[in-house]
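Trainee: okay, sequence plus prediction incoming.
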Amino acid sequence: MIIHLLPDSPKKEGRSFPRLCFKEAVREKKTTRFFLTEPGVKAFEKSLLDLEGEGLSHGLLGISSTWDTCGQWLCSIGISTGESGKADSLKIWDSMSTLIIEAFYGGSHKQLVDLLQEDLEDCVLYTLPAKKWHWRARTSALYFSQNVPVSDNYRILFASSVLNLTELTALRPDLGKLKKVLYFHENQLVYPVQKCQERDFQYGYNQILSCLVADVVVFNSAFNMESFLTSIRKFMKLIPDHRPKNLESIIRPKCQVLYFPIRFPDVSREHDKDPESFFRSLLRLQEAGLSFHVSVLGETFTDVPGIFSEAKKALGSSVLHWGYLPSKDDYFQALCMADVVISTAKHEFFGVAMLEAVYCGCYPLCPKDLVYPEIFPAEYLYSTPEQLFKRLQNFCKRPDIIRKHLYKGEMARFSWAALRGKFRSLLTTEPREDL
């Protein structure tokens, strides 16, 4: 027989190899599931010797181990049976029932799946690095179809909407049978682009198709959900003829809102955050002779807009921190030193970084648009760049106003502690007889 062992992640503490259960599986030639880390190979060899001592003639043909392309340690062990000499097939897998796939493993996408993997005892994670987003959206389904091992034990598939779920389930019908949960960090139907003609219809179209094959569609905010669902009809009008109908009414019953659970830092510097408006306000404060310090923190996944280097030079000694802080502690320390956190975003479906800053004591100033009215009370919202400038001008003259201020919104509902149970419920299901 040929036995393939898919181990637990090597980053986690492994369990001892369950020899008694293994021997029973070999005797009965039945499928059993185990965790296995690299030291478990020695125990596996001992089990084979035990079997031979019991009169079961099994010859060890060889053991080889390697790292697969998804970062899992794999062990392949060949055994010949003394009865017929034929190579029977027995697969012994780990006990992972939740398969998590993240095609863009960075930022908030990484934070979420890391939390889930840390909290769920029976999940396995496959990822691609957070680079070249457009290519991840176009091609990751084919990659994962070839690199996610087949397992009879999977019951749930959790993926972000970067993945083309339709393609994956077509290429891997075994995954199509699972309970499929699709999580939207952002949606491509209303995602801003620098030039209208640059929008690739396929990205939004793929997300619509993924919703149609998913069993549950989860959004990180009501704004994200409603902006997606109510844009489907207009978006599909881009098709010149023979347009599909009633897609919103088909997809909406599957949808729910489950806020992003905040625990770790996540910020980004992209054109959709409108850095021009942000820096214009700061430079006006500087021209007015007002004293302030600024920290510009964030991870960059694309080219950095030119305004960043120009503003850094112009702001000079007013800059305290500039760029990405890889240490979580350093990041939170920088937030705790600040008085105000500002968003000038043209696009935001949740706003992890803003809430993290508020948690650290910052006074938030956000556009009265996008997801912000759903998250923040009205007093923290502004409608125009001029309103933003006047409020910042007042704060520079009277910093005591914000330093004595107590935030009037609710933070607990966005915490992992509050949302943990809902995510666990989402990722549980009764075993299906057809799997």
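Mentor: Sure, I can see it.
Trainee: when you work out contacts or count neighbours from here on, use the C-alpha atoms and nothing else.
Mentor: Fine.
Trainee: name the element Asp174 belongs to?
Mentor: helix 173-176 (DSSP states H and E).
Trainee: what is the mean pLDDT for that helix?
Mentor: For helix 173-176, mean pLDDT rounds to 97.
Trainee: next one: stretch 332-343
Mentor: What stretch 332-343 shows for mean pLDDT is 83.
Trainee: over to stretch 155-167?
Mentor: In this model, stretch 155-167 carries a mean pLDDT of 97.
Trainee: same question for stretch 216-229.
Mentor: Summarised as a single mean, pLDDT over stretch 216-229 is 97.
Trainee: just the buried residues of it, please?
Mentor: Under the neighbour-count criterion of 16 or more other Cα atoms under 10 Å, stretch 216-229 has 216-225, 227-229 buried.
Trainee: so of these, which ones are in strands?
Mentor: Residues of those located in strands (DSSP state E): 216-219.
Trainee: make CSV from these and add distance to Leu335 to it.
Mentor: Listed next are those as CSV, based on distance: Cα to Cα, whole Å:
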residue, distance to Leu335
Val216, 36
Val217, 33
Val218, 30
Phe219, 27
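Trainee: what's the most distant pair in the residues you listed?
Mentor: Greatest spacing in those, by Cα to Cα: Val216 and Phe219 (10.1 Å).
Trainee: the nearest residue to Trp416 once chain neighbours are set aside - how many residues pack around it?
Mentor: Counting by Cα to Cα, 6 or more residues apart in numbering, Trp416 lies nearest to Pro261, which is 4.5 Å off, once chain neighbours are set aside. Using other Cα atoms under 10 Å, Pro261 has 22 neighbouring residues.
Trainee: cool, Pro377 as well?
Mentor: By other Cα under 10 Å, the residues close to Pro377 number 14.
Trainee: does it really touch Gly409, like I thought?
Mentor: Yes - the pair Pro377 and Gly409 qualifies as a contact (Cα atoms under 8 Å) at a distance of 6.0 Å.
Trainee: overlap in contacts of the two?
Mentor: Here Pro377 and Gly409 have no joint contacts, going by Cα atoms under 8 Å, 6 or more residues apart in numbering.
Trainee: name the nearest of the buried residues of stretch 216-229 relative to Gly106.
Mentor: Of the buried residues of stretch 216-229, the one sitting nearest to Gly106 (Cα to Cα) turns out to be Asn220, at 16.4 Å.
Trainee: residue contacts, that closest one?
Mentor: Contact analysis of Asn220 by Cα under 8 Å, 6+ apart lists 183-185, 257-260, 349-350.
Trainee: how close does Phe104 get to Leu128?
Mentor: Note on Phe104: its distance to Leu128, by Cα to Cα, to the nearest Å, is 6 Å.
Trainee: next: Leu370.
Mentor: For Leu370, the distance to Leu128 equals 29 Å [Cα to Cα].
Trainee: what of Ser160?
Mentor: Ser160 is 12 Å from Leu128, where distance means Cα to Cα.
Trainee: neighbour count for these two, which is higher?
Mentor: More crowded of Ser160 and Leu128, by other Cα under 10 Å: Ser160, with 26 against 17.
Trainee: that one - nearest residue in space that isn't next to it in sequence?
Mentor: Leaving out its chain neighbours, the residue that sits closest to Ser160 by Cα to Cα, 6+ apart is Tyr183, at 4.6 Å.
Trainee: the one you found and Ser161 touch, don't they?
Mentor: Yes - Tyr183 lies in contact with Ser161 (Cα under 8 Å); the separation is 5.8 Å.
Trainee: of these two, who's got more company?
Mentor: When neighbours are counted by other Cα under 10 Å, Tyr183 and Ser161 differ, and Ser161 comes out ahead with 29 against 25.
Trainee: got a pLDDT number for the residue lying closest to that one once chain neighbours are set aside?
Mentor: Of all residues not flanking Ser161 in the chain, Phe184 sits nearest, at 5.3 Å (Cα to Cα, 6+ apart). Per-residue confidence (pLDDT) for Phe184: 98.
Trainee: and Phe184, its phi and psi?
Mentor: Note on Phe184: its backbone torsions stand at phi -100, psi 110 [degrees, to the nearest 10].
Trainee: where does this protein have its least confident helix or strand?
Mentor: Here the helix or strand of the chain ranked lowest by mean pLDDT, DSSP states H and E is strand 89-93, holding a mean of 35.
Trainee: so which bits of stretch 161-177 are buried?
Mentor: By 16+ other Cα under 10 Å, the buried positions in stretch 161-177 come out as 161-169, 171-172, 175-177.
Trainee: among those residues, which pair sits farthest apart?
Mentor: The span of the buried residues of stretch 161-177, defined through Cα to Cα, is set by Val162 and Lys177 at 20.3 Å.
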